[in-house]
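> take a look and give me a structure for this.
(one chain, ligands or ions: 1)
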Amino acid sequence: MTFALTLHGLVKRFADRTAVAGVDLDVPSGSFYGLLGPNGAGKTTTLSMAVGLLRPDAGTATVLGHDVWSDPLAAKRMLGVMPDGARLFDRLTGAELLACHGLLRGMPAAVVDQRARELLDVLALSDADRTLVVDYSAGMKKKIGLACALLHGPRMLVLDEPFEAVDPVSAALIRDILQRYVASGNTVIFSSHVMEVVERLCTHVAILAQGRIMTAGTIADVRAGQSLEEVFVRVVGGRTATGQELAWL
Ligand SMILES: Nc1ncnc2c1ncn2[C@@H]1O[C@H](COP(=O)(O)OP(=O)(O)OP(=O)(O)O)[C@@H](O)[C@H]1O
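Numbers count the residues shown, from 1 in each chain. The predicted model follows:
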């Protein structure tokens, strides 16, 4: 089995807080990998280190055989990334933003232009062709972020909460695009809080809590006959509050 992404011993501390406490993860080529975890588990920090946006205190990240930190250009050529809360050049229209991304990646202008038009059409952003990205809705910003990640035809996509704030029609569209992308032999890893999405789409899942991988593998292996939600609650620790504590409410 070959791996599209390998994380080995990743650690990140912020002051006296350890956000990621030694993450090892192998993402097989051609897999659709879901990364689940409660708020503050370290998903964003882990994915940011995996794609070269945040330097780890220890450990390595390798994308299709290229170390993200010692061979960043080769690794980043293979990668499409949609970071959480990405800072986009948002005083541009969607088409201008895509042109900017494509030209920065050294793509021929004609190819950028054609792909940008296709992506804007497919993602239903063409009607907003005079709207600046700063004035997009939250869901539209997710979609233009995905378009930027796809533009150069990467072999692997790393997406931080791609379905958050996206309406059901757009979510179905994004699911279709990603499923086709994986069916062509590419690899996706994305973080999410939504069990149903992960259960429906993914071939593999990892559950992260307190900066550590608690369990990882194929969906069937991790579920072991239970629902993903049951596994999640068991692995992460059930809730103790019931809401009754707020007697004044
Ligand atoms: N730049 C930062 N400075 C200080 N602490 C940080 C920073 N980024 C993240 N943290 C802390 O690291 C921990 C992990 O955060 P992270 O954003 O990776 O979690 P997450 O699993 O993505 O959470 P969520 O599901 O809420 O988005 C949290 O305790 C967070 O407060």
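> how many other residues sit next to R13?
14 (other CB atoms under 10 Å). Heads up, the C-betas are built off the backbone N, CA and C, glycines and all.
> same check on G243?
Around G243 there are 7 residues (other CB under 10 Å).
> check it and give its pLDDT.
Looking at G243, its pLDDT reads 80.
> got the phi/psi numbers for it?
According to degrees, to the nearest 10, the main-chain angles of G243 amount to phi 100, psi -20.
> and E161, by the same measure?
The phi/psi pair for E161 (degrees, to the nearest 10) is phi 50, psi 60.
> what does the chain have sitting close to the ligand?
F14, R17, A19, G37, N39, G40, A41, G42, K43, T44, T45 (CB under 6 Å from any ligand atom).
> switch the cut-off to 5 Å
F14, A19, G37, N39, G40, A41, G42, K43, T44, T45 (CB under 5 Å from any ligand atom).
> can you flag which of those residues belong to strands?
F14, A19 (DSSP state E).
> can you pick out the most distant pair from the residues of the chain next to the ligand?
Greatest spacing in those, by CB to CB: F14 and G37 (16.8 Å).
> looking at those two, which one has more neighbours?
Per other CB under 10 Å, whichever of F14 and G37 has more neighbours is G37, with 25 against 10.
> quick check: closest non-adjacent residue to the more buried one.
L208 (3.7 Å; CB to CB, 6 or more residues apart in numbering).
> report all helices and strands that the longest helix along the chain contacts.
In the chain, assigned by DSSP state H, the helix with the most residues is helix 168-183. For helix 168-183, the elements it packs on are strand 32-36, helix 138-150, strand 187-192, helix 195-201, judged by 3 or more CB pairs under 8 Å, 6 or more residues apart in numbering; DSSP states H and E.
> show me where this structure dips below the pLDDT cut-off.
Applying pLDDT under 70 to the chain flags residues 86, 238-239.
> my guess is T131 meets A95, correct?
No. Taking contacts as CB atoms under 8 Å, T131 lies outside contact range of A95: 10.5 Å.
> contacts for stretch 25-33, please.
Contact with stretch 25-33 is made by 1-7, 64, 178-179, 182, 185-190, 201-206, 213, 216, as judged by CB atoms under 8 Å, 6 or more residues apart in numbering.
> how distant is it from the center of its chain?
13 Å (CA atoms, centre = their mean, to the nearest Å).
> tell me the secondary structure at the closest residue to V197 other than its chain neighbours.
Distances taken as CB to CB, 6+ apart put F163 closest to V197, at 5.8 Å, once the chain neighbours are dropped. Using DSSP: H, G, I helix; E, B strand; the rest coil as the criterion, the local structure at F163 reads coil.
> residues touching F163, list them.
By CB under 8 Å, 6+ apart, the neighbours of F163 are K142, A171, I174, S192, V194, V197.
> how about it, phi and psi?
Here F163 shows phi and psi, under degrees, to the nearest 10, equal to phi -100, psi 0.
> do you know how far the residue nearest the centre of the chain is from V188?
Nearest to the geometric centre of the chain sits L159, at 1.5 Å (CA atoms, centre = their mean). Counting by CB to CB, to the nearest Å, the gap from L159 to V188 is 7 Å.
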